[in-house]
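> Please work out how this folds:
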Amino acid sequence: MINIKGLIWLLTFLLFVFIAIFSFHTLSLISSVQKDLNDEFEKRLHVTSLLIAKEIEANFDKAMNDPDFIPLLIRKNGAQQIIALNDEGIDMRNKSGLRVGIDKSIIEKVERGDKVILSSYEAKGNRLIKSAYASITNPATQEKGIVIVKMYPLSDKGEQKEEEPFDFFKILIGFVVLALIFYIIRSFIIAGRPAPKEGDEAKIKGDTGFLIHTFHSLMQQLKIKEKELQRLRTEAEERADVVEDYNEYVLKSVSSGVIAFNKENKITTFNQAAEKILSFGGEDLLGKSCSEAFGDESGLCQLLDSTLQRSEGSPRKELEIVKKNSERIWVGISASILKNRKDEAIGAILIFSDITEIKKLQDEIRQKDRLTVLGELAGGIAHEFRNMMGTILGFAKLLSKKIGKNDPKQGMIEAIINELNTMEMIINELLSLGKAQPISLKPVDINKLIRNLLIKSMGEVKEPKPKIDVNIPSDIPEIMADELLIRQAFTNLIQNSVDAMSEGGELKVEGKYLAADGIDKMVEIVIMDTGTGIPKDKLDKIFLPFFTTKPKGTGLGLALVHKIILSHNGRIEVESEEGKGTAFKIFLPAAD
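Take a look at the predicted model:
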């Protein structure tokens, strides 16, 4: 016959084993979910700190001086606190503040672009807070620093909420183990007793009922906790979706370009700012390698290869890159290694911003410095040159009077006088280039001025004359300018275009009004010719004093044009292709 009692004890034993295995599995699953959430949060915090660092670099002066800039970043990124420190650990926004001690190993990791996240508990409220560290650089002084971004993980009560089921299962496992030991000992004791009599059957049934009741109670509790576990899993998945959406929102909101690559050099992320800066469509580039997207010679790909090979980030540097429309721009860029929760490298991320305008301003400042030095030099030697030229001119005129008017030597004397006049003109241009000239600004009709200059210039040009095409709207606004100086600038530009077309061609002059919200109102004048063009390797030198491509040029004309345009708070750009022609674009402030 089947031993009913033994079978019941066997089933009870197996039940307890099942409960223990299920409890351990549940504990492991909850621990894994908690670890995944923590890793995802730290990854988001690391990326957020890098983006905040780039936002501060791109608007450094505003970040240091505007009291609302950092609070706005805090609200925008959901941070608890943002601190910018210099390399001495002093708050950049409050130089008189206390020094913050930062371990040297942390500074070294941050400078390499590694992920650095520390956890601590607040003295008030004993709440866990995490801090991410990222490197920043002052674009003007190249001073290094560190930005610290602090955030609370999960929600205010998130950690307590996750610990409740965790503690319950600890207690449940302890209870199961104790109960298992108790019933095993009890079964051995009962097994050593004599067989029960008929009067003891009720007691046996009572024991069996107790076991069945215990079994049902445990199963009921398991079902309740299984529902709780399912609820926690659903919340974890929803929270992961929220974190992923949040990362997307952050990438869309920042003004810096962000491109992420995996270990195979394939593009995995390409945000809207990167699309705007590089003029590429992000969706079209996802899944492509860097060389496929930007070309083997691109500075972006060279920086990426270097970062992946060394498995460490690189500090901020400046690169000249080519956009999709072949336009060349300058970017301030840094690279960091992307790591998974096991601290293994899984790719790299490039964060950059367009600094083309900053580079142009730096070039203009250097040009002004060169002109200042040139002016001091010109002022010092012009007087001595004029004294010597005056002596030569005096003797030439005296010699001209002593010999007859029909003497063949008069031709040589006239050549001497002409060259002295040319030297006088060069000295005057040099002095004009070097010294600061007073400017009398008033509204000038640029349409009328250019048309008059074209009529005058064409009257002095020998055949074959170039064809003239003027397309300037009659209602184009006047500009604020010194008419005498601006006339001199446009005369030089028109004359250069005509000289470049000795065999004839076409001279085009176009004008338009540029006005948009948030920018200065400007008038753009474009002077285009179909002449010989300027070699590509000489384009960046044409505004330098004494640089010329003409056989008999002085190299001062375009330098003087550049100075006049800059003195009117305008700018001048040049595009040229050798053998096809040149286009000068002049931007001048419109009159109110």
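> From now on I want contacts and neighbour counts done on CA atoms only, so please keep to that.
OK.
> Distance of residue 514 relative to residue 472?
Using CA to CA, to the nearest Å, residue 514 is found at 13 Å from residue 472.
> So between those two, which is more surrounded?
The residue with more neighbours, out of residue 514 and residue 472 and counting by other CA atoms under 10 Å, is residue 472; that gives 20 against 15.
> Which secondary structure state does the closest residue to that one other than its chain neighbours sit in?
Excluding the flanking residues, the one nearest residue 472 by CA to CA, 6 or more residues apart in numbering is residue 511, at 4.6 Å. Look at residue 511: counting by DSSP: H, G, I helix; E, B strand; the rest coil, its state is strand.
> Check which residues of the longest strand belonging to the chain are buried.
Assignment by DSSP state E gives strand 328-339 as the longest strand of the chain. Burial within strand 328-339, assessed by neighbour count using 16 or more other CA atoms under 10 Å, is assigned to 329, 330, 331, 332, 333, 334, 335, 336, 337, 338.
> and residue 419, how far is that from residue 297?
Distance check for residue 419 against residue 297: by CA to CA, it reads 50 Å.
> which residue ranges form the helices in the stretch 251-400 of the chain?
Applying DSSP state H, counting those that start in this stretch to the stretch 251-400 of the chain gives helices spanning 272-278, 282-285, 290-294, 299-310, 356-402.
> Output the contacting helices and strands for the first one.
Using 3 or more CA pairs under 8 Å, 6 or more residues apart in numbering; DSSP states H and E as the contact definition, the elements that helix 272-278 packs against are helix 201-253, strand 257-262, helix 282-285.
> Mind listing the residues bridging to the residue nearest to residue 472?
Partner residues in beta bridges with residue 511, using DSSP bridges, are residue 525.
> For it, which residues are in contact?
The contact partners of residue 511, by CA atoms under 8 Å, 6 or more residues apart in numbering, come to 471, 472, 473, 476, 523, 524, 525, 526.
> Tabulate those residues (TSV), appending pLDDT.
TSV is the format used below for the contacts of residue 511 (pLDDT from 0 to 100):
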residue	pLDDT
471	93
472	92
473	92
476	91
523	92
524	93
525	94
526	95
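> Sort out which of those residues are buried, if you could.
Buried positions within the contacts of residue 511, assessed by neighbour count (16+ other CA under 10 Å), are 472, 476, 523, 524, 525, 526.
> Mind picking the two most distant members of those residues?
Taking every pair in the buried ones among the contacts of residue 511 and measuring CA to CA, the maximum separation is 13.8 Å, between 476 and 526.
> that older thread, what about the residue nearest to residue 472, distance to residue 365?
For residue 511, the distance to residue 365 under the criterion CA to CA works out to 28 Å.
> got it, and residue 279?
Taking CA to CA, one finds residue 279 at 29 Å from residue 365.
> The two: who's more crowded?
The residue with more neighbours, out of residue 279 and residue 365 and counting by other CA under 10 Å, is residue 279; that gives 16 against 12.
> Show the contacting residues for the residue lying closest to that one once chain neighbours are set aside.
Ranked by CA to CA, 6+ apart and with sequence neighbours excluded, the top spatial neighbour of residue 279 is residue 324, at 5.6 Å. Contact partners of residue 324, counting by CA under 8 Å, 6+ apart, are 278, 279, 280.
> Now for this protein, the helix or strand with the poorest mean pLDDT.
Among the helical and strand segments of the chain, the one scoring lowest on mean pLDDT, DSSP states H and E is helix 158-191, with a mean of 54.
> And residue 450, which helix or strand is it part of?
Taking DSSP states H and E as the definition, residue 450 sits inside helix 446-460.
> any idea how this structure splits into domains?
The chain breaks down into these structural domains: 1-254, 255-354, 360-434, 442-589 (assignment by automatic domain parsing).
> Give me the pLDDT value at the residue nearest to residue 279.
Listed pLDDT for residue 324 reads 80.
> ok, now residue 100?
With respect to pLDDT, residue 100 scores 73.
> Would you check that it makes contact with residue 90?
Yes. Contact between residue 100 and residue 90 holds when scored by CA atoms under 8 Å: they sit 6.2 Å apart.
> ok, the two, which is more surrounded?
For residue 100 and residue 90, the more surrounded residue by other CA under 10 Å is residue 90, and the numbers stand at 20 against 12.
> Could I get the contacting residues of residue 129?
Residues counted as contacts of residue 129 (CA under 8 Å, 6+ apart) are 119, 120, 121, 122, 150, 151, 152, 153.
> check which helix or strand covers the fifth one.
Counting by DSSP H and E, the element that carries residue 150 is strand 144-151.
> what's the neighbour count on residue 132?
Here the count is done by other CA under 10 Å, and residue 132 has 25 residues near it.
> Same question for residue 355.
For residue 355, using other CA under 10 Å, the count is 19.
> ditto for residue 110
Using other CA under 10 Å, residue 110 is surrounded by 24 other residues.
> my read is it is in a helix, agree?
Yes. The assignment for residue 110 (three-state DSSP) places it in a helix.
> Does it touch residue 132 like I think?
No. Under the criterion of CA under 8 Å, residue 110 lies out of contact with residue 132, with a separation of 9.7 Å.
> Next, show the common contact partners of these two.
residue 116.
> my read: residue 495 touches residue 458, true?
No. Using CA under 8 Å as the test, residue 495 is too far from residue 458 to be in contact (9.5 Å).
> What residues of stretch 397-413 count as buried?
400, 410, 413.
> Got phi/psi on the second one?
Meaning residue 410. phi -60, psi -30 (degrees, to the nearest 10).
> Spatially nearest residue to it, not counting backbone neighbours?
Leaving aside its chain neighbours, residue 410 sits nearest to residue 400 (6.4 Å; criterion: CA to CA, 6+ apart).
> my guess is residue 273 meets residue 279, correct?
No. Here residue 273 lies out of contact with residue 279, judged by CA under 8 Å, at a distance of 9.6 Å.
> Quick check, pLDDT for residue 379.
In this prediction, residue 379 has a pLDDT value of 66.
> ah, wrong one, I meant residue 304
The per-residue pLDDT reported for residue 304 equals 87.
> go on, the one 5 residues further on?
As summarised for this prediction, residue 309 has a pLDDT of 85.
> count of neighbours near it?
Look at residue 309: counted by other CA under 10 Å, it has 9 neighbours.
> Now do it against residue 265, distance only.
Taking CA to CA as the measure, residue 309 and residue 265 are separated by 11 Å.
> ditto for residue 229
In this structure, residue 229 and residue 265 are 39 Å apart, going by CA to CA.
> what residues are up against the closest residue to residue 86 other than its chain neighbours?
Closest residue in space to residue 86, ignoring its immediate chain neighbours: residue 145 at 4.2 Å, by CA to CA, 6+ apart. Under the criterion of CA under 8 Å, 6+ apart, the neighbours of residue 145 are 84, 85, 86, 87, 135, 136, 137, 138.
> before we move on, back to that, between the contacts of residue 129, which has the most around it?
Using other CA under 10 Å as the neighbour criterion, residue 150 leads the contacts of residue 129 with 23 neighbours.
> Please work out the average pLDDT along the helix or strand hosting residue 57.
Per DSSP H and E, residue 57 falls inside helix 4-58. For helix 4-58, the mean pLDDT works out to 73.
> next one: stretch 217-227
Averaged across stretch 217-227, the pLDDT comes to 73.
> next one: stretch 343-359
87.
> Other residues contacting that stretch?
Among residues not part of stretch 343-359, those counted as contacts by CA under 8 Å, 6+ apart are 51, 54, 58, 255-265, 277, 304, 307-308, 311, 329-340.
> Output the host helix or strand of residue 63 as CSV, nothing but the C-alphas.
Residue 63 belongs to helix 60-65 when elements are defined using DSSP H and E. Presented in CSV, the C-alpha positions along helix 60-65 are these (Å, rounded to 0.1, in the frame of the first residue of the first chain):
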residue,chain,number,x,y,z
PHE,A,60,31.5,80.6,-22.1
ASP,A,61,31.3,84.3,-21.4
LYS,A,62,27.5,84.1,-20.8
ALA,A,63,27.9,81.1,-18.6
MET,A,64,30.5,82.9,-16.4
ASN,A,65,28.7,86.3,-16.2
